[in-house]
Structure formats: structure tokens, C-alpha cells
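How does the following fold in three dimensions:
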Amino acid sequence: ALPDLTMGLKEYRERLVLLADECGIREIRCLFLTQPSMWRADLPEYERSLLWFGWVNRVDDPVGYLSVSDLAIAMDRYNQTLLDLCVDEGLECFDLAAVVPKDITGFFDDVHFNESGSLIVADSVSEYLLSTPPFSNSTP
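Below is the predicted model:
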């Protein structure tokens, strides 16, 4: 079963704030991206067979594995934490997870991009960057 993510999400949010603060101190642009994954409840069996992650306990001594549905829920919660923080704190964020297809179009396993996925990421992020200052007069 999916463990309680409360503490992990809290620490994740705190670390994101520290990263944003560091970018501010260094006066550099800080663009946060959500994490795409192939995880989804209706993933076909062939694509499920490509998955590697989701172990419970240590990777060298797993006591079990989370379901693909639970992995999707967990990733969605982390991504939503990032999106919420960006809204709350006025941070720049691009929802990359929303543009990469959750299948072998973009991935060769759980979270690693194949060549097509890499092109999707490069095109999406560059399009976003070119559509926002300092490359454009519009705002994100």
C-alpha cells in the first residue's frame, strides 16, 4: 500500500523553497519543472513489463512493490505540491508532466525518456522559455 507521504511532501516543499531562495540570492532565473512518468492506472501489460521502480524498503532488499496506480498517485501528489508552491510563492514553473505522454511514446521505463521523449521535453521547455521574458514580452 502507498505509505503516508505527509512528511516526504513537507520536506520536498521545504527543499523547493530553499532552492528558490538560493536562486534569488544568486540572482538567477529558477524554472521548476514537474516530473513526468509513465505511471498510470490503465497502463497496458507490455508497458507495465518495462517498469523498474516502486520497491518498498531498500532497492537491494525490497519487501514488496507499489502498484502502478499507487505510484501514479504518489507522483501526482509531488507534482501538485510543486505546482501549488509555485502559485503560493510566485515561482516560475512549467508543468512538464502534462505534456509528455504517459507511454512508450516518451519513456523507455518508469521515468527515463527515450529519444522521442527527449525531443518532446526539449521542444516543450524551449517553447516555454522562448515565450517568456527575457525572450518575449509576455508573462508565464
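
CA only for contacts and neighbour counts going forward, please
Noted.

Now do the buried residues in stretch 53-62.
residue 54 (16 or more other CA atoms under 10 Å).

Which stretches in the chain count as strands?
Applying DSSP state E to the chain gives strands spanning 31-33, 55-58, 61-65, 92-94.

residue contacts, residue 120?
Shown in contact with residue 120 (CA atoms under 8 Å, 6 or more residues apart in numbering): 99-100, 106.

Spatially nearest residue to residue 101, not counting backbone neighbours?
Counting by CA to CA, 6 or more residues apart in numbering, residue 101 lies nearest to residue 38, which is 7.5 Å off, once chain neighbours are set aside.

give me the number of residues near the one you found?
Neighbour count for residue 38, taken as other CA atoms under 10 Å: 28.

Tell me how far residue 30 lies from residue 65.
Residue 30 sits 34 Å away from residue 65, going by CA to CA, to the nearest Å.

Look at residue 58 and report its pLDDT.
Confidence at residue 58, expressed as pLDDT, is 82.

on that earlier part again, which of the contacts of residue 120 are buried? Put it as a PyMOL command.
This is the PyMOL syntax for the buried subset of those, where burial follows 16+ other CA under 10 Å:
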select buried, resi 100+106
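
pLDDT below threshold where in the protein?
For the chain, the stretches flagged by pLDDT under 70 are 138-140.

That one: helices as residue ranges?
Secondary structure of the chain (DSSP state H): helices at 6-26, 45-48, 68-89, 115-130.
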